[in-house]
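Undergrad: fold the following.
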Amino acid sequence: MEKYQKILSELNNKIWDYSELKFNEFNSSNAIKSLLAEQGFEVKSNLADMETAFSASYGEGSPVIGILGEFDALSGLSQEAGTLIPTPREGINNGHGCGHSLLGTAAVGACLLLKDYLKSNNKKGKIIFIGCPAEEGGSGKAYLARAGVFNKLDVALTWHPAGGNAVLTGSFQANCQVYFRFKGISSHAAGAPHLGRSALDAVELMNVGVNYMREHMEPTDRIHYAVTDTGGISPNVVQSHAKVIYLIRSTDSEKVKKLYERVCKIAKGAAMMTETEVEIIFDKACSNVISNEILEKVLYDSMKKIPLPFYSEQALEFANEIKKTISDNDLNSDMSLLFVSPTRKKQLVNEYKKIPMANFVVEYSHQETFIPGSSDVGDCSHVIPTAQFVGACFVPGTPAHSWQMVSQGKEEIAIKGMLYASKVLADASIKLIENPELIKLAKKEFIQITDGKGYSCPIPPEIKPNMNAKK
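TA: Purely as a prediction, here's the structure:
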């Protein structure tokens, strides 16, 4: 790893600086493609109608192992690096508040290590870096799965930066995102209110209706909304237009679809009540995650084998200062603790309270539970056996999508966690190459869980990536 440490650190810092949003990660995507091309990888661009999606492959024969990389940022999280208070970057609105600059760069590092392994050992096998755009609100992997990009792989591995080290197991929720655009009639709110038909009233009635529906949903269902167009800022004008965006989640895509249909009925009812019109615009969706115990165990073995990072005193001082901004509630929500029992979580939270950075790997135990959150990794997991882990790049409990996470993204603690993740992904992949029986077992488990059913994309075929934004 030493010969790649400098170029990987520089790559992470570039992507962090670019902080590009979903489907527009042009600089970030090009930086990764250029690096991998220089290192002898064969690059294919513009996958699945996405300009920033690509693959980079090295080797030949089987097995074919996919390493998934992300590189998109989040809007509204502008933040200077290495600061201890919220400090927005001048002229920049976005920030890597979910650590995707680290995520994609570590995946690149793993591919470089695997290239060296295949070459020096004269081994058969192919490693493919899959550049996956728009995880945040775009479901880029769903479009890749729909286009058959994952079909060529035997297995896929990935990871995510967090405050601790753990294998992810169980399932994340499926979801869909939809715009509801209401059209009414404007009028003078005092002089001729009877002539107006308020689109904003329709949005409000829709939201009230959905909130009443919550009593009659399964406990695992989630529905969130944001009003994106209120129809103006003058209360003396009846609003002729208004728009709300909904994110609908459940434990699988079929349940999401049923919830979506119920929400659409409420929207149409709100339009009828207000004598307005509603346009329903499907935006995107992703599937629930199917875990794979065989691959999870492989990752866990590698996490225990690879030495955890050692930090300088300066890095630990910075971590301790960031730690002062982290609450106990934040600690309980760290991604590394998502699948542990309440009793064990309490014990681990107490451990996290004592240390500036995680210095252990959370004990692995395969679970069939679900997590109330979503990831488009789910769509890849419906196509081929897939597994993922989280690696400590931030102070334990650092809230996702926060200024603290952005601030830490270029620091020593983040870089060393990123390099650890590269080594884990590479080591796990080498195990799979040298023990093809593990891949057979992973595929057998996958077929048993899916009942041999093929992948069905939750995004309607007429919906294209970033279509609504382009409109």
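Undergrad: S374 contacts Q173, doesn't it?
TA: Yes. The pair S374 / Q173 is scored as a contact, 4.9 Å apart, by CB atoms under 8 Å. (Each C-beta comes from the backbone N, C-alpha and C, glycine too.)
Undergrad: overlap in contacts, those two.
TA: Residues touching both S374 and Q173 (CB atoms under 8 Å, 6 or more residues apart in numbering): R249.
Undergrad: give me the number of residues near S250?
TA: Neighbour count of S250, defined by other CB atoms under 10 Å: 24.
Undergrad: tell me the spacing between D328 and F394.
TA: To F394, D328 is 16 Å away according to CB to CB, to the nearest Å.
Undergrad: now do the same contact list for the residue of the chain positioned farthest from its centre.
TA: Relative to the C-alpha centroid of the chain, counting by CA atoms, centre = their mean, G191 is the outermost residue, at 50.2 Å. If you count contacts by CB under 8 Å, 6+ apart, G191 has none.
Undergrad: now the phi/psi pair for it, please.
TA: Main-chain dihedrals, G191, degrees, to the nearest 10: phi -70, psi -30.
Undergrad: ok, so what distance separates it from V238?
TA: Separation of G191 from V238 (CB to CB) stands at 11 Å.
Undergrad: how about A53, nearest residue that isn't a chain neighbour?
TA: Nearest residue to A53, sequence neighbours excluded (CB to CB, 6 or more residues apart in numbering): L47, at 4.1 Å.
Undergrad: what sits against that neighbour?
TA: A53, F54, S55, G131, L144, A147, V149.
Undergrad: and the host helix or strand of the third one, what does it pack against?
TA: S55 belongs to strand 54-60 when assigned by DSSP states H and E. For strand 54-60, the helices and strands in contact under the criterion 3 or more CB pairs under 8 Å, 6 or more residues apart in numbering; DSSP states H and E are helix 26-38, strand 42-45, helix 100-121, strand 125-132.
Undergrad: the first one - what's its average pLDDT?
TA: Right, the one you point to is helix 26-38. The average of the pLDDT scores along helix 26-38 is 98.
Undergrad: over to stretch 1-12?
TA: For stretch 1-12, the per-residue pLDDT averages 95.
Undergrad: can you pull the buried residues of that stretch?
TA: Buried residues in stretch 1-12, counting neighbours by 16 or more other CB atoms under 10 Å, are found at Y4, I7, L8, S9, L11, N12.
Undergrad: just the CA atoms of it, as CSV, please.
TA: Provided in CSV are the C-alpha atoms of stretch 1-12 (Å, rounded to 0.1, in the frame of the first residue of the first chain):
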residue,chain,number,x,y,z
MET,A,1,0.0,0.0,0.0
GLU,A,2,2.9,2.4,0.6
LYS,A,3,3.5,3.0,-3.0
TYR,A,4,-0.1,4.0,-3.5
GLN,A,5,-0.7,6.0,-0.3
LYS,A,6,0.2,9.4,-1.8
ILE,A,7,-1.8,9.1,-5.0
LEU,A,8,-4.8,7.8,-3.1
SER,A,9,-4.6,10.6,-0.5
GLU,A,10,-4.4,13.1,-3.4
LEU,A,11,-7.4,11.5,-5.2
ASN,A,12,-9.6,11.6,-2.0
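Undergrad: what strand or helix carries I449?
TA: helix 436-450.
Undergrad: make that A166, sorry
TA: For A166, the host element (DSSP H and E) is strand 166-168.
Undergrad: return the subset of the buried residues of stretch 1-12 lying in helices.
TA: Y4, I7, L8, S9, L11, N12 (DSSP state H).
Undergrad: if I look at the first one, how far off is D116?
TA: Okay, so that is Y4. For Y4 relative to D116 (CB to CB), the value is 9 Å.
Undergrad: what's the answer for the last one, then?
TA: For N12, the distance to D116 (CB to CB) stands at 20 Å.
Undergrad: show me where pLDDT drops low in this protein?
TA: 470-471 (pLDDT under 70).
Undergrad: strands of that one, residue ranges please.
TA: Ranges of strands in the chain, per DSSP state E, are 42-45, 54-60, 64-70, 74-75, 94-95, 125-132, 155-162, 166-168, 171-183, 222-229, 241-250, 277-286, 370-374, 386-392.
Undergrad: which residues touch the fourth one?
TA: Read it as strand 74-75. L21, N93, N94, G95, H96, G97, C98, E136, H401.
Undergrad: tell me the strands beside that strand, with direction?
TA: According to DSSP bridges, strand 74-75 forms sheet pairs with strand 94-95 (antiparallel).
Undergrad: tell me how far the partner strand lies from the chain's centre.
TA: Put simply, strand 94-95 sits 15 Å off its chain's centre (CA atoms, centre = their mean, to the nearest Å).
Undergrad: S341: neighbour count?
TA: By other CB under 10 Å, 10 other residues sit near S341.
Undergrad: count of residues packed around N13?
TA: Residues near N13, counting by other CB under 10 Å, number 16.
Undergrad: M272 too?
TA: The local packing of M272 (other CB under 10 Å) involves 12 other residues.
Undergrad: and the nearest residue in space to A315 that is not next to it in sequence, how far from P372?
TA: Sequence neighbours aside, E412 is the residue nearest to A315 in space, at 4.0 Å (criterion: CB to CB, 6+ apart). For E412, the distance to P372 equals 33 Å [CB to CB].
Undergrad: thanks again, I'm all set now.
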